[in-house]
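Visitor: no FASTA, just this:
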């Protein structure tokens, strides 16, 4: 339980106990039933308003987190699909042009924003093979099969990242930096 939740429970408990004690004092000292009923209604309204505002605040925060998670998942999906589209273009041309290398390098940077550590590790392996093939003149069918095999390994990590996107991240930032820089170095073809 978070400190905020414990504080909230204590505040509700304190308010309820205080209301009960005040209610008992008024009940013991009051001879008029109208005073008793008005005081009971006032305590009920105050408790209802307090609990409703607390619940609405928590619901709003949960809705905002949900919206952020949906937008982040959508951004991840767009970047991952962009990678697949780029590879599709290369396969249809059967050649890797300088602009393709630039696009993969930029995708490497975009992946840094959203990808898990595992995806970045697999992308580093993919970028090494991609750079090796970029140095050649044209891509053979065997090269395409090798690139597809490496892309398949990367795709499994991407799938796992997309399905586990709601889980807390345990990524090591130093490892992520290392993998992004390694992918950049892999793509230094000149």
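Guide: That came through, no problem. Predicted, not measured: the structure shown is a model, and the values here were computed from it.
Visitor: Next SSE downstream of the biggest helix by length in the chain?
Guide: Longest helix in the chain by number of residues, with DSSP state H as the criterion: helix 33-93. For helix 33-93, the following helix or strand on the C-terminal side (DSSP states H and E) is helix 98-114.
Visitor: what's next to that following helix, contact-wise?
Guide: 72, 75-76, 79, 82-83, 86, 89-90, 119-120, 123, 127, 130-131, 134, 176, 180, 183-184, 187, 189 (CB atoms under 8 Å, 6 or more residues apart in numbering). Where you see a C-beta, it was placed from the backbone N, CA and C, and this is true even at glycine.
Visitor: ok, now stretch 148-168?
Guide: Outside stretch 148-168, the residues within contact range by CB under 8 Å, 6+ apart are 69, 72-73, 76-77, 80, 84, 87, 115-116, 118-119, 121-123, 125-126, 129.
Visitor: Low-confidence stretches in the protein?
Guide: 1-2, 5, 26-27, 29-31, 33, 36, 165-173, 177, 184, 187-190 (pLDDT under 70).
Visitor: redo that, cut-off 50
Guide: Counting by pLDDT under 50, the chain has low-confidence residues at 167-168.
Visitor: How much space separates the residue nearest to residue 75 when sequence neighbours are not counted from residue 79?
Guide: Nearest-residue entry for residue 75: residue 114, 5.8 Å, with adjacent residues in sequence omitted and distances by CB to CB, 6 or more residues apart in numbering. Per CB to CB, to the nearest Å, residue 114 is found 6 Å from residue 79.
Visitor: Ramachandran angles for residue 94?
Guide: The phi/psi pair for residue 94 (degrees, to the nearest 10) reads phi 60, psi 30.
Visitor: From residue 108, how far out is the closest residue to it other than its chain neighbours?
Guide: Sequence neighbours aside, residue 139 is the residue nearest to residue 94 in space, at 5.1 Å (criterion: CB to CB, 6+ apart). Using CB to CB, residue 139 is found at 20 Å from residue 108.
Visitor: So for the two, which residue has more residues nearby?
Guide: residue 108 (24 against 18; other CB atoms under 10 Å).
Visitor: just to revisit the earlier point, filter the contacts of stretch 148-168 down to the buried ones.
Guide: 76, 80, 87, 115-116, 118-119, 121-123, 125-126, 129 (16 or more other CB atoms under 10 Å).
Visitor: If you drop the residues flanking it in sequence, what lies closest to residue 23?
Guide: residue 43 is the one closest to residue 23 (CB to CB, 6+ apart), at 5.9 Å.
Visitor: for the one you found, what are its contacts?
Guide: 19, 22-23.
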